[in-house]
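Peer 1: what follows is a predicted protein model with its sequence.
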Amino acid sequence: MGSFLLKRLFQAVFVLLAITLIVAYAIRLTGDPALMLTQGAGSVTEADLQMIRESLGINKPFVAQYLEFLQSLLVLDFGRSFLGGTSVSTLIAQSLPATLALATCVMFVSIVISIPLGIKAAVSKGKWADQVIRIVSLIGLSFPNFWLALMLVLVFSIWLQWLPPSGMTDFTSFIMPAFTMAIILTATNVRLVRSSMLETLQSQYIMVARAKGLSENKVLYKHALRNCAIPLITYFGLQFGGLLGGIVVIERVFNWPGLGTLAFDAVGSRDYPVLQAVITVLSMLIVGVNLLVDIAYGLIDPRIRTES
Amino acid sequence: MLNTSQQSHQGYKEHIVPETANTPILSVDNLSVEFDGHRVIEDLSFTVEAGKTLAIVGESGSGKSVTSQSIMRLAEGVGAHYPSGHIWFESESFGTIDLLKAPLSTIRKVRGKDIAMIFQEPMTSLNPVYTIGDQICESLTLHKQISQDAARKEAVELLKMVRLPDASEMLDRYPHQLSGGMRQRVMIAMALACRPKILIADEPTTALDVTIQAQILAILKELQKELNMAVIFITHDMGVVAEVADDVVVMWQGKKVEQGPVTTIFTESKHPYTQALLSAVPKLGTMEGQPYPKRFPITVVENNEPTVVGEECIQNTADYESEPLLSVRNLVTRFDTKKNFFGKATHRVHAVEQVSFDIFKGETLALVGESGSGKSTIGRTIQQLQKATSGDISFNGKSFDKLSKSERKKLRQEIQYIFQDPLASLDPRKTIGFSIAEPIRTHNLIQGEGNIQKRVTELLERVGLTKDHANRYPHQFSGGQRQRICIARALASNPKLIIADEALSALDVSIQAQIINLFMELQEEHGISYLFISHDMAVVEKMSHRVAVLYLGQVAELGSRQQVLETPSHPYTKRLLSAVPVADPFVQRDFSKIEGEIPSPVRMVGDEPMILTQQEIAPGHFIAQS
């Protein structure tokens, strides 16, 4: 297990290097920030542009810029934003908690709903409960999330006036963005839990557990669930990554002060340092979560723990 | 048929009542079971007494497992309904209850406490994510009001009872760290945790090697005596029945066809199905004194009458005058299993070590051995499904190493492989006609679509199927038919050598007997040689010319069938033969000599196994010297 994790950690470093390299290169293909900054400023000479480029540090060759970026990354210094000159680290520190809190909420809600529903569907395979769960989850799957968000705002903020329509204030402000995203994840997760549970329930040890005289809940939640947890957490781990990417849309809709909003604004103004930093932090998060998933494998399944 | 069963049922009662005067603790009364309106058990009745073993025997689809699962009410979970019947159980806490009608809350108190069950697959019947100790203690704390500490102490006692070494350390081990035989002992310990009145054993030794099977049967017998338990033993193996049963219920297509004391069933069976079943059971030792393998006529049930088909025929097909068809010299096959951080192997499976043998034209060479003996790896290496580590294999006098690409392809045509599981080895989305024609097309053996179809029909008819079957899919056939299809597919490429890897193991005995005869007929017609890989000594005795006994990847003994089976000279061969159950209830065997696990072929890199030298003790009879 130890050497397995060491290997994964090693891989993670390479993954991060590759991602930062691709991002840093690709972002520079999209346009000149100097032009962007001087837009509408009237007469701008080539010398002025050159001066701006120099002050931003983008006149140097790409390799030098990239190495500089890596160097500062080691001390978590992402430089200053092209717009306003705020420290990028400060910007990230302000918006990361909001995004993490929301994403964690989404995952939590989705898992807590989908596991019992998926198990219920598996146990009553082919019966009405299974059919209802399948149909409802298919409906959930078919909604685009921005539309769902708007509908929720319409009902709960405008008509009923129960929940704040946007921004991050107290816990009530979490409810709508979290549920909007959770509903869509839950739709897939229920099906995943159902199918891996069905497979596990075929196992001989489930019949053995029943033959011992255990209650049905013990059989399902103690003996079956832990055995189908490996494919589930693998998927949840990947899903968390996808969630961080997809959160941009929802953050825009609910005006959520998170990384998504920050990245969205940075794209518009070719703010390289901010964009690079956001993507680097996101990919570190995703790699980190997948590392946690690998550790969880060992905790759940002794066969993986005792290997090598 | 109903008549026969009722008569024998009464006869059975008369037989036992004066002897023991026990009242039954479980009686199954006119039980019928349906799945989706399809009846799988019809009017089944029998009784079980304390301290006695009732064997329920039957082939696949006879309903024997559904019967055992109905007693535990586990069959409902997979969709069973009970249109009629009662299962009366004398319970200490509830009095006489009908298990079929009792609420599930009551059933849960009976399950695991009064009636316990062990299953066929020891590899999958323990939960892989919990320790052995957790799983045994779970049963104890569930039914007895005891603390976790007391449960652990009791669990150690239980593990000692099933003769597991280092019982207290065993508690913290996980199932994957134990061998199949050890897991089955843990399973028995778990089932006996609350000293049940009845133990249901559903094919408990079928997945185990014979020497391990002998040990498990001995433990079960001993504990049954100690606890005065009733045992319901579900099996398809008449050898095991003869070994363990007091009384026998024979089931066929969901009905009880015969019932009686074990000795009566074996000597004076009345129902044609029982007679056919018994005649099909291969019995080790029946061919003593015969130099050649032999085809035997088979009894089949036709219109409820036992009918004998086929005739006795000596299988003198081997040609020892010419050069051998296949020569294997010093074959070594190893696999890396564990690697360190830098990807360097630290542990290896020494599957095959310095194995040499020949197969002649028209000859059947049997490779026998238990799990880990390397018998399947040898077959796979010859078929080039697996790369050899070193050694030489030559076919028709030409070494594999020197073959050109086209010769290698030709070799794949001349050597055919038949696997244990026929369903898994046929493409489920292709008609069987397509599957049989595929090798003909691949190797361009016959030109023209019409000629190919003619050949497919011919092959189907040769293995006992018809032309119409060609358009059907694998799932539409029974297990025996599928294996016939696999044989037809192997024949399609006109092979010189067929490697049959446990090809009969998954089949019912009556089907097995027919396939054995088919194998031998084809050998006579086409002069095919067989490498027959099997763990079943009785089948090997019936159909092989020579036998090689493998142990941990090396040949322990090699010689003619008579030499190896009648004058076994290596201690391992003797041990193996003595562990085979004999289908004769009058023979009482002593299992005490059979002890110990089969050692693992996995070794640390650098820790090479000792290579045994072969000594010829009679012409053509070799044994390994250590």
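Peer 2: Arrived safely, thanks for sending. Numbering: from 1, shown residues only, chains lettered A, B, ... in the order given.

Peer 1: what helix or strand does residue 152 sit in?
Peer 2: With no chain named, the answer covers chain A. Using DSSP states H and E, residue A:152 falls within helix A:145-152.

Peer 1: my bad, the chain I had in mind was chain B
Peer 2: Residue B:152 belongs to helix B:148-161 when assigned by DSSP H and E.

Peer 1: so does that helix get close to chain A?
Peer 2: No - using CB under 8 Å from any CB of the partner chain, helix B:148-161 stays clear of chain A, coming no nearer than 13.3 Å. From N, CA and C alone the C-beta is placed, and that goes for glycine too.

Peer 1: for the record, mean pLDDT for that helix?
Peer 2: For helix B:148-161, the mean pLDDT works out to 93.

Peer 1: and it, what does it pack against?
Peer 2: helix B:132-143, helix B:167-170, helix B:180-191 (3 or more CB pairs under 8 Å, 6 or more residues apart in numbering or on different chains; DSSP states H and E).

Peer 1: now that helix against helix B:132-143, angle please.
Peer 2: 120 degrees (axes from the mean of the first three to the mean of the last three CA atoms, to 10 degrees).

Peer 1: okay, buried residues for helix B:148-161 please.
Peer 2: For helix B:148-161, burial by neighbour count (16 or more other CB atoms under 10 Å in any protein chain shown) applies to B:151-152, B:154-156, B:158-159, B:161.

Peer 1: gap between it and the chain center?
Peer 2: Put simply, helix B:148-161 sits 32 Å off its chain's centre (CA atoms, centre = their mean, to the nearest Å).

Peer 1: run through who's touching that helix.
Peer 2: Helix B:148-161 has contacts (CB atoms under 8 Å, 6 or more residues apart in numbering or on different chains) with B:132-133, B:136-137, B:140-141, B:144, B:146, B:167-168, B:170-171, B:185-186, B:189-190, B:192-193, B:223.

Peer 1: show me the contacts for residue B:172.
Peer 2: Listed by CB under 8 Å, 6+ apart, the contact set of residue B:172 reads B:131-133.

Peer 1: ok, now how distant is the closest residue to residue B:335 other than its chain neighbours from chain A?
Peer 2: Computed as CB to CB, 6 or more residues apart in numbering or on different chains, the closest residue to residue B:335 that is not its neighbour in sequence is residue B:349, at 4.7 Å. Separation of residue B:349 from chain A (CB to the nearest CB, to the nearest Å) stands at 16 Å.

Peer 1: surely residue B:349 is within a helix?
Peer 2: No - counting by DSSP: H, G, I helix; E, B strand; the rest coil, residue B:349 is not found in a helix; it is strand.

Peer 1: pLDDT score assigned to the residue in the stretch 301-450 of chain B positioned nearest to chain A?
Peer 2: Nearest residue of the stretch 301-450 of chain B to chain A: residue B:341, at 4.5 Å (CB to the nearest CB). If you check residue B:341, the pLDDT there is 70.

Peer 1: next: the one 10 residues further on.
Peer 2: The predicted structure scores residue B:351 at 91 on the pLDDT scale.

Peer 1: so it touches residue B:601, yeah?
Peer 2: Yes - using CB atoms under 8 Å, residue B:351 makes contact with residue B:601 at a distance of 6.2 Å.

Peer 1: residues contacting residue A:111?
Peer 2: Residue A:111 touches A:189, A:236, counting by CB under 8 Å, 6+ apart.

Peer 1: SS state for residue B:531?
Peer 2: Strictly by three-state DSSP, residue B:531 counts as strand.

Peer 1: what sits against the closest residue to it other than its chain neighbours?
Peer 2: Excluding the flanking residues, the one nearest residue B:531 by CB to CB, 6+ apart is residue B:499, at 4.6 Å. Shown in contact with residue B:499 (CB under 8 Å, 6+ apart): B:379, B:382-383, B:415-418, B:530-531, B:533.

Peer 1: pick the one among the contacts of residue B:172 closest to residue B:327.
Peer 2: Within these, the smallest distance to residue B:327 is 47.1 Å, found for residue B:132 (CB to CB).

Peer 1: hang on, the closest one packs against residue B:185?
Peer 2: No - Residue B:132 lies out of contact with residue B:185 (CB under 8 Å); the separation is 10.1 Å.

Peer 1: burial measure for residue 86, as a count.
Peer 2: I went with chain A, as the question did not name one. The local packing of residue A:86 (other CB atoms under 10 Å in any protein chain shown) involves 12 other residues.

Peer 1: that answer is for a different chain, and I need it for chain B
Peer 2: With other CB under 10 Å as criterion, residue B:86 counts 17.

Peer 1: separation between it and residue B:24?
Peer 2: Distance of residue B:86 to residue B:24, given as CB to CB, to the nearest Å: 13 Å.

Peer 1: likewise for residue A:65?
Peer 2: To residue B:24, residue A:65 is 89 Å away according to CB to CB.

Peer 1: before we move on, what about residue B:503?
Peer 2: 42 Å.

Peer 1: mind listing what's buried in stretch A:26-44?
Peer 2: In stretch A:26-44, counting by 16+ other CB under 10 Å, buried: A:27-28, A:33-34, A:36-37.

Peer 1: can you check stretch A:278-287 too?
Peer 2: A:278-287.

Peer 1: looking at residue B:503 and residue B:24 now, which is surrounded by more residues?
Peer 2: Neighbour comparison, residue B:503 and residue B:24: the larger count goes to residue B:503, with 28 against 19 (by other CB under 10 Å).

Peer 1: now name the helix or strand holding that one.
Peer 2: Assigning secondary structure by DSSP H and E places residue B:503 outside every helix and strand.

Peer 1: surely it and residue B:480 touch.
Peer 2: No - the pair residue B:503 / residue B:480 is not scored as a contact, 11.5 Å apart, by CB under 8 Å.

Peer 1: now the common contact residues for these two.
Peer 2: With CB under 8 Å, 6+ apart, residue B:503 and residue B:480 have common neighbours residue B:515.

Peer 1: for residue A:123, which non-adjacent residue is spatially closest?
Peer 2: Nearest one to residue A:123, counting by CB to CB, 6+ apart, is residue A:220 at 6.9 Å.

Peer 1: near that neighbour, how many other residues are there?
Peer 2: Number of residues near residue A:220 (other CB under 10 Å) recorded here: 21.

Peer 1: go on, the one 10 residues further on?
Peer 2: Counted with other CB under 10 Å, residues neighbouring residue A:230 total 18.

Peer 1: that older thread, just the buried residues of stretch A:278-287 now: which is nearest chain B?
Peer 2: In terms of CB to the nearest CB, no member of these lies closer to chain B than residue A:287, at 20.2 Å.

Peer 1: can you tell me the SS state at the closest residue to that closest one other than its chain neighbours?
Peer 2: Leaving aside its sequence neighbours, residue A:287 sits nearest to residue A:12 (CB to CB, 6+ apart; 4.6 Å). For residue A:12, the assignment made with three-state DSSP gives helix.

Peer 1: tell me which residues touch residue A:12, please.
Peer 2: Neighbouring residues of residue A:12 by CB under 8 Å, 6+ apart: A:287-288, A:291.

Peer 1: run the last query once more with 10 Å
Peer 2: Neighbour list for residue A:12: A:283-284, A:286-288, A:290-291, A:294 [criterion: CB atoms under 10 Å, 6 or more residues apart in numbering or on different chains].

Peer 1: repeat for residue B:467
Peer 2: Contacts of residue B:467 (CB under 10 Å, 6+ apart): B:433, B:453-454, B:456-458, B:460-461.

Peer 1: the residue nearest to residue B:120 when sequence neighbours are not counted and residue B:284, how far apart?
Peer 2: Once flanking residues are discounted, residue B:120 sits nearest to residue B:203: 3.9 Å by CB to CB, 6+ apart. As for residue B:203, its distance to residue B:284 is 20 Å (criterion: CB to CB).

Peer 1: same check, this time on residue B:165
Peer 2: On the measure of CB to CB, residue B:165 and residue B:284 end up 30 Å apart.
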